[in-house]
Every structure is written in structure tokens, then in C-alpha cells.
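Got a predicted model here, sequence first, then my questions.
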Amino acid sequence: MATVSDYTGWNLRKALADAREHHVKSVSYADASRLGRSVLHTTNWKVCSQSRSTGTYSTATKLAFKIVVANESCAHPPRSSSGGTSGGTSGSGASSSSGGGSSSSGASTSTGGGSTTTQVCSIRSNAGNCYHAGQFCRNADVGATTTDAAGRRITCGYQANANRWHY
């Protein structure tokens, strides 16, 4: 049997891992805005709603999430691309995961002659604050890149015997 929790407000990467851990074999997700953005990094997104309520279901049950970039509002997701939000997105489409693997549709795009833009503080602490270099980072954020409050690019990696944000 599969156990479905209430994943509303959860970081997408953590929600996917928890659902798989609780034997949900088929999980899909799609951008809740009208922009149809594809997900490149699940750590940069949060769950706004889900297709199944909390409970126990057959392992064949399909679970679908509606998601937005982590710092966007679920109540008022963006409706046009004029905001310049990147949040680890590209192209258009939805993504799904089944049986522990993952696949995504849409292609990666670059702007400004091959450089990509990372939104200021696209990954935030559980308290909602921007990280800065030297702070500990969560296991789910290892390998992820964001910026600090000053706009400097920082990456989560193993440094000084712990996972830390560094330049």
C-alpha cells in the first residue's frame, strides 16, 4: 500500500523523495502558472496542490503535483513571462517520475550568449531567509546553486567536514 501525505508547501525534491519512500510509484508535476515552465532542478520548486488527499491507496495510484518556483506565491502564480523568473526552468511542459527514475520534457535554454541567470535567493532556508557562504546547507540542496542576498552565486557542497554554501 502507498501512503500519501499532504505535500502542500513542501520543497518538490523532498515531496518526491517522501512519496517514493511511502511506495507511491507514479508521481508527476506541472507548473501551476500559465507559463508551462519545465523543471530543471526540483530543489527550486514547491508544491501548491496535489491530486490525491492524504490517505492510503494502492501502489498503482498516480499522484500529481501543481508547483511554482520556490519564492512564488501559490495563491497568485505568475501569468506572464515578463517577470524574468528563472528558478531552474526552461522551455515548456510537465515532468513525471515513475518507479524511482525521472524524466523531464522540454529542452534547456540559455540567455545572454550562453550564460544562465539564477534568481536572487532562489533557494531559501526553512525560515525563508537567503543563505550566505559558510552556512550549512541541507542534504537535498547538495550540488544546487543559488545566490546570496547580494546576488553572488553560491553552491551547496561538502566543505570543512559538512555540507556548506560556498562561492
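Right, received. Where do you want to start? Worth saying up front: this structure is predicted, and the values here are computed from it rather than measured.

so where does the spatially closest residue to residue 123 that is not a sequence neighbour fall, helix or strand?
Distances taken as CB to CB, 6 or more residues apart in numbering put residue 146 closest to residue 123, at 4.0 Å, once the chain neighbours are dropped. (Glycine included, C-beta is placed from N, CA and C.) Using DSSP states H and E, residue 146 sits in strand 145-147.

So residue 20, which state does it fall into?
Assigned with DSSP: H, G, I helix; E, B strand; the rest coil, residue 20 falls in the helix class.

For it, the count of nearby residues, please.
As a burial measure, residue 20 scores 16 neighbours (other CB atoms under 10 Å).

I'd assumed residue 14 was in contact with it.
No - no contact is recorded between residue 20 and residue 14 when judged using CB atoms under 8 Å, the distance being 11.0 Å.

how far away is residue 159 from residue 35?
Between residue 159 and residue 35 the computed distance is 35 Å (CB to CB, to the nearest Å).

Those two: which is more packed in?
Using other CB under 10 Å as the criterion, residue 159 and residue 35 rank with residue 35 on top: 18 against 14.

And the helices in the chain?
All helices of the chain, identified by DSSP state H, fall at 12-21.

Output the below-cut-off pLDDT ranges for it.
Under the criterion of pLDDT under 70, the regions of the chain flagged as low confidence span 80-120.

Strands of that one, start to end?
Taking DSSP state E, the strands of the chain run over residues 2-4, 26-31, 38-39, 45-50, 55-57, 62-69, 89-90, 94-98, 103-104, 145-147, 153-159, 162-166.

ok, back up a step: run me through the strand neighbours of the strand holding residue 146, direction for each.
Strand 145-147 sits in its sheet next to strand 153-159 (antiparallel), going by DSSP bridges.

ok so, going back, was I right to think the residue nearest to residue 123 contacts residue 129?
No - under the criterion of CB under 8 Å, residue 146 makes no contact with residue 129, lying 11.9 Å away.

Pick out whichever of the two has more residues nearby.
Each of residue 146 and residue 129 has its neighbours counted (other CB under 10 Å); residue 146 has more, 26 against 11.
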